Each structure stands twice: as structure tokens, then as C-alpha cells.
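In: Here's a sequence, model it:
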Amino acid sequence: MSEDKRILALENRVSMLEKEVAFLKTTAVENERVKNDHVAFEEKEKDVIAEQKDTNIAVSLEPIMINKPTVQVNPEHAPATPSKSKKKEVDWEKLLGQVWLPRIFIFVLILGILWGFKAAVDSGFITEPIRVVLGMITAGVLIYLGEKQIKKNHEALGQVLLGGSVVIFILSTFAAHMLYGLIVPSFAFILNVLWVILGIYLSHRHNSQPISIIAAVAGFLVPYLVENKGDSTLFLVAYEVIFYLSLLKYALLKKFIYLYITSGGLLHISLLIMCVFPGDQIEAATVAIMVQHVFLLLTFLRKELFITAQKATLFTSFVLTQLWAGVGFADALYSSFLAIFFAVYTVLSYVYFGKNKEKLNITLPIATYALSMFLLDISKEEHIGLAFLIEGVIALYIGLAGKIKNQTIAGGLVYAVGVLLTAFDEIERFLSVETVAWLMMIVSLFTVGYVFKKFKLRIENKRFSYNSIINLLSGFTVFSIFSFIVQVLDNKYEGVAVLLEGLIAFYIAVKQRLQNRVVVSAIVYIIGVTFITLNGIDEVISFETVAWIAMLTSFVYMRKLSDNLNKFFEDTSGFLNILFGATAIYILVFITQLGAVATVSFSNNIQSLTISSLWAIYAIVGVVYGAIKRNKKIRLLGIGLLFLTLLKLIFIDMASISILVRAILFIGLGFIGVALSRFFYSNKKGE
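Out: The predicted structure is shown next:
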């Protein structure tokens, strides 16, 4: 054999050996026999290679066959199948701080700008055409900023800015048309439709569901942003339906589940608003709702993109459609509607029975509901109970026999209604429908009771122990001291005294590990907190202020003492969470009272501005302190306080403050909300 051939044969053997080693590395567990065979095989190969290197004698070209050893894995030592990953916990800080904070407060900022804009207009600084131009420029700036934020991977903030731009475009067009009369209705309608299309485009460009929802809201509002002379009802209804069907198609294309749900509800709201205005729009709106339900049904039959949401939407849609039909159609047409849809869903249930339990679990309950409404419509008053009873038993039996959960629930509800109607229907004559209904109800109760299983409750009695008596006596002592304090001290001072007693008793109980006494002491402490709270604060510098400061300080000490509660309580997280929440609430109440007392002699504007500013500062301190201490609870508290400040402005302050103060508050709060949302991105990187 030539030297080249011998080297080639050697390389082939080495290559086969490398493949064998790689195979053995991928095997999790191999038995001992395989290991020994492989070691022997390697030694043999080494001998052959050494022999070929030492001698120049020709060797045979016969290939050496390598038999791959069979790996036998012991089932007991086989790697365990990875268990299903635990359900991912919701990151509330990210959800609120990065997602909902900018979404909500961009609207707050817009409202503040609008009110500030109106204040400037009332002062005569800005003319009408300039107002519209400024609105368009603002919308363009928001688009620029939104695109910039998205490029920086701040998707939530960027998407909100883009959605806000669409809203401002539409508001500016509305102002130009309805408020100032600068453009005609047809041109305003076309512009608004273009802005909605822009929103859909931005949604598609960034694959953003929030932008599409904002565009959907704006699109459904378009008919109400244009002057309507009353002769275009059919056109407006047709527009709403076509727009909804376009959104439905887009939601299915992009698999936007929330757009799929939201757009359906928005159609109902927009048509309901339309029916409030004078005119005969109810029948056209009802037909539009029926068209919506038909397309939802066709979508449900053809596509299963998000089956759970589709089932819930389909059932809700049918219930709402039935209500629309009951109001918008005449009696005969309403009965025909129920009969037709009962037949449709019954046929679908028959088709799906035994084949597609997922879809059967919604088509059958809808058929049951349609039949119930049909019986309610055609039956006389004295027959309704019996009709519901019979239908309920049949529907319940079908649900139980087929193990169809939703149908069992639907049948049970219908049956319960039948039982109630029958039970409240007295028997006036023996030979009557009421007698038959009662007999039917009695038999059905036995039947249903036989079908369902009975659960037995076992009660265990526990005897008092010596420690229980000691705890009882110590608890009675604490309450005796409490009674004494209440009787001898004035109302002004009893709160602090009871608070201190509860705090001291709690400390002793924790140190001595008296479980029941801990509970009693906590109750006394809570009573002391209640007394201080009811006293309130009349002046900034007063005993009540000192009492409140003492109470807030005691919260911190109680938190420190509570670290030892796990020695005799299995889970103390609930108590600690309550203590944390109480501390946050009482600090809020304290600064609110101080703000109110300090500005009692000033106007409502100054009071609202002061208190809202204190709340906002409290929220900012919470977020910043939570970030510094890396405490997620405190950061979430800051976000919650910011939302609470917004609710205060909307529901309490708005009606009593001037438009200028309203603008200042909303602009400031909106800016804080958007700025803090940006802060959360930086905070996440730091952690």
C-alpha cells in the first residue's frame, strides 16, 4: 500500500472516531457496558495507529467496520421531562409605568393644552385660523417625537404620541369646521377619514394595537364631528358598518384581539348615540347590529385566531343584538328574528355535536338563550314559568350528558328562573296550568338532586388548652385598660393614649409570642388610629397634628415589629401589605389636611392647586424614593398616587376651579405622567 492511501485510510478512521465521540457526548446517560466497549475501541485504534507509524509494512485495504454501540437508558435515570413553565407573573410596574402611564397622561396633557389654549383664546391672543394651524403643527410634532421614541425602543411612549397626533388632527379639523366654520362639512368629513386612515397606517407601520384602537375610536366619532342636517342617516349608518367591517378584517389580519373586541363595542356605542338624536334611526341601527353579528358568526365559523375571545364576543353580541331587535323591530319581526337565529344555532350545534366541543360550547348556549327569549315573547304570562322549567330541564340534561360546561350553566340558569317563576305563582285552581307547573317543578327537583353529587361538610371540635385561657385573660386585660382610658381621658387625648397602649401591648405580645394577644393588641391599636383619624386637624400647629405625626411614626415601628410575626404566624404578607397600604393612605390624608388647613382662607382655586400639587409631589417622591431604594412597591405606590391625583382633578376639582387653573393642573400633571413614564425606562436599565 502506498503512503498516500495509508494516510487516507488513517484519516477516515480518525473521522469516524470523532463522529463516535460526538454521538456519545449527546447521550444523557449510558450504561457501563457501552463505556467499556468504547474505551476498548479507542485503545484498539491507538494501537493500530502506533503500529502504522512504527512500521512501513503494507497493510490491508479492508475497511474496519465500526459498530456503534447501542445506548440503553435506564428509565429510572432518564432525564425528567421539563415541567410546564410557571405562568408568567404580571410586572405591574412595567404595565403601569411604561404602558398605561403615558397612554393616560398624554390625554391629560392634551386636555391641559386645550384648556390653556382656550384661556389664551379668551384673552384674544390667538385668532381662529391660527388656532387650527397650531393644532396641525402640534400633531405633526407628536408624530416626529413618536417616531423618534420608537427608534429609541421606547415603543409604548412612542405609540401613545403617534395615537395622540391622530386625535389632535381630528380635533383641529372639528374646530375648523364646527366651531369656526372655516371648512365645509364634506371637506371636514374627508379630512377626518384621512386622519383615521393615517392612524391605521401608523398602526400597521409599527404593528401597534394601541394606535389602531385610538384610530378606531376616532373613526367611529367622525359622523359626530361633522354637521348633520338630518337627511343622511342611512349614509352615516352605512359608514359606521363599513368602518367596523374594515376594522374587523384588519384585526383578523394583524391578529389584534383587543381591536377585535373594542371595535365591536364601539359600533354599539356609536349607533346608540345616533339613536338618541331626533329621527327614525333605530331600525337602520338595528339592521346594522344584525349585520355585525352575522359577520362575527361567519368569522367564528371560518377562523379560530383567538377562540376564547371569539366565543365571548359572539355570545355578548347575540345578547346585545337581541336587545336591539326587541326595541327596534315590531313584535312579529322580533319573534321571527329569534326563531331564525334559534334554528341557525341549533343546526350548528347539531353539526358540531361530538365533533367540535370547543365551538359547541358556545353555539348550544346561544341556541338555549334564543329559545328562552322566544318562549318569553310568545308565551302568556301564566305559562312562562312552565315553559322555562321544561326548557331548563332539557338544556341542563343536554349539558350534563354531553359534559358541556357552558351549556350546563345556561341550562341551570334557565331552570332556576323557571323554578322561581313557578314558586311565586300561586295555585288558584287544582286543575290548572299552575298545578302542572308545580308538579313538574317537584319532579324536576328530585331529578336534579339525584344527578348532582352531594358534598358533606365535616366539622371538627377543638378544646380549649391552658395557653388559650392565658391568652384569653391577657386579651381581657388589654381591653380593660382600653376601657379605662376611654372613660377618664378627654376625646382629644384618648386617641393617642389608646394608640400607645396598643403599640406597647403589641410589642409585649410579640416578644412573649402570645398569638391571641397579638390579635387583641392589633385591634386596640386600630381603634386608637381610628380615634386620631376622626379627630382630624383644625390647625397646622396643634395637638392633633402631633397626634397624626405620632400615628404615622408608629406605622414605621409596627412594620419593624411585624418582622417577628413569622415566628407564630405561617403567612404575614397579608398583614404587612395592609400596614403598607394604611401607611400610604394616612400620609395622603395627613398632607391633604395640612394643605386644606393652610389654605382655608384662600379661594377654591388656591386650595385645589395646593392639595393637587402636594399629591403630585407625594407621587414623585414615591417613584424616586422607590427607584433609589429599589423598592417596587413604593414605585407602584407613586404611580397609583399619580392616577389618584388625576381622578381627583376630574371628579372633584374640575367643577369648582377656573379654566386657567384647570389648564395649569392638567398640563403639569400630564407632563409629570409622561416624564415619569420615560423615567421608568431608564430605571429598568439600571436594575
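In: the helices in the stretch 101-250 of the chain, which residues?
Out: Remark: helices assigned in the stretch 101-250 of the chain by DSSP state H, counting those that start in this stretch are 101-122, 128-151, 155-174, 185-206, 209-221, 233-254.
In: Nearest to residue 504, out of the ones you listed?
Out: Nearest to residue 504, of all the helices of the stretch 101-250 of the chain, is helix 101-122, at 42.5 Å by Cβ to Cβ. Just so you know, the C-beta spots here come from the backbone N, C-alpha and C atoms, and that holds for glycine as well.
In: who does the closest one touch, helix- and strand-wise?
Out: The elements that helix 101-122 packs onto, with contact taken as 3 or more Cβ pairs under 8 Å, 6 or more residues apart in numbering; DSSP states H and E, are helix 128-151, helix 155-174, helix 632-648, helix 659-686.
In: Tell me, how many residues neighbour residue 507?
Out: 15 (other Cβ atoms under 10 Å).
In: circling back: export the helices of the stretch 101-250 of the chain to JSON lines and append columns for distance to residue 321, mean pLDDT and mean neighbour count.
Out: As requested, the helices of the stretch 101-250 of the chain are exported to JSON lines (distance: least, Cβ to Cβ, whole Å; pLDDT from 0 to 100; neighbours: other Cβ atoms under 10 Å):
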{"stretch": "helix 101-122", "distance to residue 321": "31", "mean pLDDT": "72", "mean neighbour count": "20"}
{"stretch": "helix 128-151", "distance to residue 321": "37", "mean pLDDT": "83", "mean neighbour count": "16"}
{"stretch": "helix 155-174", "distance to residue 321": "29", "mean pLDDT": "82", "mean neighbour count": "24"}
{"stretch": "helix 185-206", "distance to residue 321": "25", "mean pLDDT": "85", "mean neighbour count": "18"}
{"stretch": "helix 209-221", "distance to residue 321": "18", "mean pLDDT": "85", "mean neighbour count": "24"}
{"stretch": "helix 233-254", "distance to residue 321": "13", "mean pLDDT": "87", "mean neighbour count": "18"}
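In: so which of the ones you listed gets nearest residue 436?
Out: Residue 436 lies closest, by Cβ to Cβ, to one member of those: helix 233-254, at 46.8 Å.
In: returning to that earlier point: what's the closest of the helices and strands packed on helix 101-122 to residue 116?
Out: helix 659-686 (3.7 Å).
In: So for the closest one, mean pLDDT?
Out: Averaged over helix 659-686, pLDDT sits at 70.
In: Turn the helices and strands packed on helix 101-122 into CSV, columns for distance to residue 286.
Out: Listed next are these as CSV, based on distance: least, Cβ to Cβ, whole Å:
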stretch, distance to residue 286
helix 128-151, 37
helix 155-174, 28
helix 632-648, 36
helix 659-686, 40
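In: and of those, who's closest to residue 211?
Out: helix 155-174 (4.7 Å).
In: Which residues does stretch 661-679 contact?
Out: Residues outside stretch 661-679 that contact it (Cβ atoms under 8 Å, 6 or more residues apart in numbering): 97-98, 101-102, 104-113, 115-116, 118-119, 154, 156-157, 605, 608-609, 612-613, 616, 619-620, 623, 627, 638-639, 642, 645-646, 649, 653-654, 657.
In: Only the buried residues of that stretch, if you could.
Out: The neighbour-count check on stretch 661-679 (16 or more other Cβ atoms under 10 Å) flags 661-670, 672-674, 676-679 as buried.
In: which residues touch the closest residue to residue 539 other than its chain neighbours?
Out: Nearest residue to residue 539 in three dimensions, chain neighbours excluded: residue 597, at 6.2 Å (Cβ to Cβ, 6 or more residues apart in numbering). When contacts are counted by Cβ under 8 Å, 6+ apart, residue 597 touches 537-540.
In: Repeat that for residue 362.
Out: Contact partners of residue 362, counting by Cβ under 8 Å, 6+ apart, are 300, 311, 314-315, 406.
In: Pull out the buried residues from stretch 343-362.
Out: Of the residues in stretch 343-362, 344-346, 348-349, 352, 359-362 count as buried by neighbour count, 16+ other Cβ under 10 Å.
In: Farthest pair within these?
Out: Largest separation among the buried residues of stretch 343-362 by Cβ to Cβ: 344 and 361, giving 16.8 Å.
In: Residue 169 and residue 144: what is the separation?
Out: As judged by Cβ to Cβ, to the nearest Å, residue 169 and residue 144 stand 14 Å apart.
In: meant to ask about residue 360, not that
Out: 52 Å.
In: domain assignment for this structure?
Out: What automatic domain parsing lists as the domains of the chain is 3-72, 108-227.
In: and residue 423, how many neighbours?
Out: Number of residues near residue 423 (other Cβ under 10 Å) recorded here: 12.
In: if we can go back for a sec, so which of the helices and strands packed on helix 101-122 is nearest residue 18?
Out: Residue 18 sits nearest to helix 659-686 of all the helices and strands packed on helix 101-122, at 44.7 Å, using Cβ to Cβ.
In: what's the neighbour count on residue 610?
Out: A count of nearby residues for residue 610, using other Cβ under 10 Å, gives 17.
In: sorry, back to before: need the contacts of residue 362 in JSON lines with neighbour count, distance to residue 249 and pLDDT, can you?
Out: Formatted as JSON lines, these follow (neighbours: other Cβ atoms under 10 Å; distance: Cβ to Cβ, whole Å; pLDDT from 0 to 100):
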{"residue": "300", "neighbour count": "19", "distance to residue 249": "15", "pLDDT": "88"}
{"residue": "311", "neighbour count": "20", "distance to residue 249": "20", "pLDDT": "86"}
{"residue": "314", "neighbour count": "22", "distance to residue 249": "17", "pLDDT": "90"}
{"residue": "315", "neighbour count": "17", "distance to residue 249": "22", "pLDDT": "90"}
{"residue": "406", "neighbour count": "18", "distance to residue 249": "28", "pLDDT": "81"}
